[in-house]
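Visitor: Could you look at this predicted model? Sequence included:
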Amino acid sequence: MNTAAAAPAPLPPGTQRSMLLVTALMVSVMASVDMTIVSVALPYMAGNLGAGPDQITWVVTMFTCGQALVIGVTGHLSRLLGRRRLAIIVVVGFVASSMACGLAQSLTQIVVFRFVQGVFSGPLIPLSQSILVDAYPPEERHKALSIWAVGVLGGPALGPIVGGFLAQDLDWRWNFWVNLPVGAIALLLILTFVRAVPARKVRTDLVGLVLLATWVISLQILLDQGDSLDWFDAGEIWVLALLAMTFGLAFVLRGIVIGDANIMRLRLFADRNFLACSLLVALLGSIFLGSLIITPRLLIDYYGWEVVTAGLVMGSAGAFGILGSLIGGRIVALFGIRVMVVLGAGCMAFGWLRYSALNPYAGPVEVFIPSALVMFGLFLVFPLLAAQAFRNLRPDERDEGAGLFNFVKTLGFSLGVTFVGAMIYRGSLGNWARYVGDLSWSNPAFGQILNAPPFSGDLNLAAVHMADELARQSGILAITQLAQIFAVLALLAMPLGLLLQREPKAG
């Protein structure tokens, strides 16, 4: 069998190519929204299912475990089943498991169903990416992937908004049932427009699958449950870390030795272009996800803004991301991919430096400008990297490449989310401990505030107010300190751009 012919040729402009873009966008949005849609609904779910705050977080943990486990073996599954058949199976399974999650009557049931939902969601984003890569010629891929990137990166931002509305105004179960009509439309589009890629006779590497599963699940549980278990003060974390390190190392070394017989074709990382694009997307994307975590907390919890105001500011900044993706595709031919990485990462670094200068009383415009810079910089290069990663891959390697590309991205996102959560928590506590000593009679400013209205010597009222204000400003300071770290990480992304090819290869 000719492996080079295993993937369909690019399509000419027309209805089918446009509808493939619509299909890929819908599938990627459906999968990415579900990463975060339940985050604000967890308290409603806990009350209804009789679960504690620590127990209900397993709903999130098991979804990420299932997704991370399968996303990397998408290429193998596509070879085994055929791309179109695999797409149909995972969409049907995703819809069915979403329905089951909405019908769950206990914590155990919903945790199991969420793991299954994560398993079926894993191939959705890699498949949508490889479908577009096949449908468009190399010189036009970045245009399609610009729209695809909006779904992949915009979905996690949209998830909490949609989930909060559904949980508050309807029922938390609609966080899952909303996937039914969306999945039905996606299935119809797949049946109508996605071209078949024939299945091939391949051997499933069961040993590699066990090593991968143990590594990924141990790592995800460690990252998701680390805070609640107090990290390395708990024996469970040490066990999980040992399992993740041992099985991860064993999986990689074995994969290098046995080559393509492994469940994942790790040799694709030997292409420095593919490796650099994967690492850059993981790094820059995790910084972007950091903004989705810290900005709502800053605006709503610390600044006291209305949800609508915060949403408008973040949404307006997101519009600059779309602008960045449109501009990036037009100017990459002038500057080259390496310069584009420097421009995008530099824009993100400057945005985070501006973000780190926010004060406790900043207004919407002051928050909007750095957020827009971060969004613009990310989307300036994200679609280009998603296209550039496939520059040297053969057609029959594209599904495998999409799986590996998104596997690295997913691990980067998980590490980024955990890092942000830990830094905010520990940073807030550290800032409190550092500055609480200033609230003493030896500080003249403290005495002046205490004896002035509205306190006028009322120690109880003053103590409550001071504690609240110190907690607020400690949290804001932790966020601005984290923004400085993000700026440095964005700058560190620039050298990775030097690994990318200077000139694109011909079609």
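Guide: Yep, that arrived.
Visitor: residue contacts, Met375?
Guide: Residues in contact with Met375, defined by Cβ atoms under 8 Å, 6 or more residues apart in numbering, are 288, 317-318, 320-321, 324. In short, each C-beta sits where N, CA and C put it, glycine included.
Visitor: ok, of those, which come out buried?
Guide: By neighbour count, with 16 or more other Cβ atoms under 10 Å, these hold 288, 317-318, 320-321, 324 as buried.
Visitor: Tabulate those in a markdown table, adding columns for secondary structure.
Guide: Formatted as a markdown table, the buried ones among the contacts of Met375 follow (DSSP: H, G, I helix; E, B strand; the rest coil):
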| residue | secondary structure |
| --- | --- |
| Phe288 | helix |
| Ala317 | helix |
| Gly318 | helix |
| Phe320 | helix |
| Gly321 | helix |
| Gly324 | helix |
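Visitor: mind listing the helices for the stretch 51-200 of the chain?
Guide: For the stretch 51-200 of the chain, applying DSSP state H, counting those that start in this stretch gives helices covering 53-56, 58-71, 74-81, 83-103, 107-121, 124-135, 141-169, 174-177, 179-193.
Visitor: With the stretch 301-450 of the chain instead?
Guide: Counting by DSSP H, counting those that start in this stretch, the stretch 301-450 of the chain has helices at residues 307-335, 337-356, 364-388, 398-435, 444-451.
Visitor: by contact count, what packs against the first one?
Guide: Meaning helix 307-335. The contact analysis (3 or more Cβ pairs under 8 Å, 6 or more residues apart in numbering; DSSP states H and E) places helix 307-335 against helix 141-169, helix 272-296, helix 337-356, helix 364-388.
Visitor: mean pLDDT lowest for which of the helices of the stretch 301-450 of the chain?
Guide: With a mean of 67, helix 444-451 has the lowest mean pLDDT of the helices of the stretch 301-450 of the chain.
Visitor: Next secondary structure after it?
Guide: Sequence-wise, the next helix or strand downstream of helix 444-451 (DSSP states H and E) is helix 459-492.
Visitor: follow-up on the earlier one: out of the helices of the stretch 301-450 of the chain, which gets nearest to Ala241?
Guide: Ala241 lies closest to helix 398-435 among those, at 12.7 Å (Cβ to Cβ).
Visitor: List the buried residues for the closest one?
Guide: Buried positions in helix 398-435, judged by neighbour count with 16+ other Cβ under 10 Å: 398-414, 416-421, 423-424, 427-428, 431-432.
Visitor: out of the helices of the stretch 301-450 of the chain, which comes closest to Pro123?
Guide: Comparing the helices of the stretch 301-450 of the chain against Pro123 with Cβ to Cβ, the closest turns out to be helix 398-435 (7.5 Å).
Visitor: Can you name every helix or strand that the closest one contacts?
Guide: Counting contacts by 3+ Cβ pairs under 8 Å, 6+ apart, helix 398-435 packs against helix 58-71, helix 74-81, helix 124-135, helix 206-225, helix 272-296, helix 459-492.
Visitor: okay, the ones you listed, which one's buried deepest?
Guide: Looking across those with neighbours counted as mean count of other Cβ atoms under 10 Å, the highest average goes to helix 124-135: a mean of 28.
Visitor: which residues of the stretch 201-350 of the chain score low on pLDDT?
Guide: Applying pLDDT under 70 to the stretch 201-350 of the chain flags the ranges 307.
Visitor: Kindly provide the distance from Leu380 to Leu323.
Guide: The spacing between Leu380 and Leu323, counted by Cβ to Cβ, to the nearest Å, is 9 Å.
Visitor: So for those two, which residue has more residues nearby?
Guide: With neighbours defined as other Cβ atoms under 10 Å, Leu380 and Leu323 compare such that Leu380 has more, 28 against 15.
Visitor: so what's the more buried one up against?
Guide: Contacts for Leu380 (Cβ under 8 Å, 6+ apart) come out as 324-325, 327-328, 340, 343-344, 347.
Visitor: tell me which of these is nearest to Ala244?
Guide: Nearest to Ala244 among these, counting by Cβ to Cβ, is Gly344 at 31.3 Å.
Visitor: so which of the contacts of Met375 comes closest to Gly82?
Guide: Closest approach to Gly82 among the contacts of Met375 (Cβ to Cβ): Phe288, at 33.5 Å.
Visitor: Contact partners for that closest one?
Guide: 153, 374-375, 378.
Visitor: Please apply the same query to Ser286.
Guide: By Cβ under 8 Å, 6+ apart, Ser286 lies in contact with 412-413, 415-417, 419.
Visitor: I'd like to know how far it sits from Ala422.
Guide: 13 Å.
Visitor: what's the most buried one of the helices and strands packed on helix 307-335?
Guide: helix 364-388 (a mean of 24).
Visitor: and the angle for that helix with helix 272-296?
Guide: Orientation check (axes from the mean of the first three to the mean of the last three Cα atoms, to 10 degrees): helix 364-388 against helix 272-296 gives 160 degrees.
Visitor: could you redo the helices of the stretch 51-200 of the chain as JSON lines and give each row mean pLDDT and distance to Pro43?
Guide: Below are those laid out as JSON lines (pLDDT from 0 to 100; distance: least, Cβ to Cβ, whole Å):
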{"stretch": "helix 53-56", "mean pLDDT": "76", "distance to Pro43": "8"}
{"stretch": "helix 58-71", "mean pLDDT": "86", "distance to Pro43": "12"}
{"stretch": "helix 74-81", "mean pLDDT": "89", "distance to Pro43": "34"}
{"stretch": "helix 83-103", "mean pLDDT": "93", "distance to Pro43": "17"}
{"stretch": "helix 107-121", "mean pLDDT": "92", "distance to Pro43": "14"}
{"stretch": "helix 124-135", "mean pLDDT": "89", "distance to Pro43": "28"}
{"stretch": "helix 141-169", "mean pLDDT": "78", "distance to Pro43": "9"}
{"stretch": "helix 174-177", "mean pLDDT": "90", "distance to Pro43": "12"}
{"stretch": "helix 179-193", "mean pLDDT": "92", "distance to Pro43": "21"}
